[in-house]
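Visitor: quick check, what structure comes out for this input:
(chains A, B and C)
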Amino acid sequence: MARGRILKPAFYARPAELVAEDLLGKYLIRQVDQETIAARITETEAYIGPHDLACHARAGRTSRTAVMFGPGGIWYVYLIYGMYWMLNVVTGEEDYPAAVLFRTVGTWTGPGKLTRAMSIDKSLNGLSATRASGLWIEDRGPKLDTEAVCRTPRIGVDYAGEWKDKLYRYVLQNETEAATSRRKRSGPKKTS
DNA sequence: GCAGTGATCATA
DNA sequence: ATGATCACTGCC
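Guide: Just a heads-up that it's a prediction; the model follows:
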């Protein structure tokens, strides 16, 4: 049963950038038979609409992308490289295709590893993320004061022209990690 | 650095 | 029907 507040459709019926950032620190809950796994969300990516050349919906509505045109708050799950299930949640209003990819939850780094660990596959495609059944997301309290949101370009979208550099990847870090990232980004300091 | 693996999509 | 392309991972 839910130990936190289940995120409602209104949470998802917003632009993907906002949903992607707000999902950080929430919990992804998987229930199969009597077993429940809960994992904190620490890395997401936003695919913001048909004009976003990294978004699957750039080619319009196809059988694969049809669920992206559904209402916010349903799962979009697809197979990549013949091996890995990618978990996304649809965002925005009905008929506007956009989604957020789950890239890291709990201790599983990488979108393919988290779906394998949580037994997530195509059978969840198109189902609701807003009911305590199978797979859903809960708010179990605010982010820690020691945590910060870092934005970077998305992974694996080099083909997307100007869209490959947009800062649509969101990572939840503690302050120490965030400071290290900032230092790396600004380059090594001159010492003499 | 690159192979593995299969659905999806454009082209025909 | 065929061939290219992947929102990845693990091993070299």
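Visitor: dihedrals phi and psi, A:Pro50?
Guide: Main-chain torsions, A:Pro50, degrees, to the nearest 10: phi -70, psi -20.
Visitor: residues touching it, list them.
Guide: Neighbouring residues of A:Pro50 by Cβ atoms under 8 Å, 6 or more residues apart in numbering: A:Ala57, A:Arg58, A:Gly60, A:Pro97. Using the backbone N, CA and C atoms, a C-beta is placed for each residue, glycine as well.
Visitor: of those residues, closest to DNA strand C?
Guide: Nearest to DNA strand C among the contacts of A:Pro50: A:Ala57, at 7.0 Å, using Cβ to the nearest atom of the strand.
Visitor: please identify the helix or strand for A:Met86.
Guide: Here A:Met86, judged by DSSP states H and E, is contained in strand A:84-90.
Visitor: so does the following helix or strand past that strand get close to DNA strand C?
Guide: Sequence-wise, the next helix or strand downstream of strand A:84-90 (DSSP H and E) is strand A:99-105. Yes - legend: contact between strand A:99-105 and DNA strand C by Cβ under 7 Å from any atom of the strand is shown at A:Ala99, A:Leu101.
Visitor: and for strand A:99-105, what's in contact with it?
Guide: The contact list for strand A:99-105 (Cβ under 8 Å, 6+ apart) reads A:16, A:19-20, A:23, A:28, A:39-47, A:55-56, A:68, A:76, A:86-91, A:110-111, A:114, A:118, A:155, A:169, A:171.
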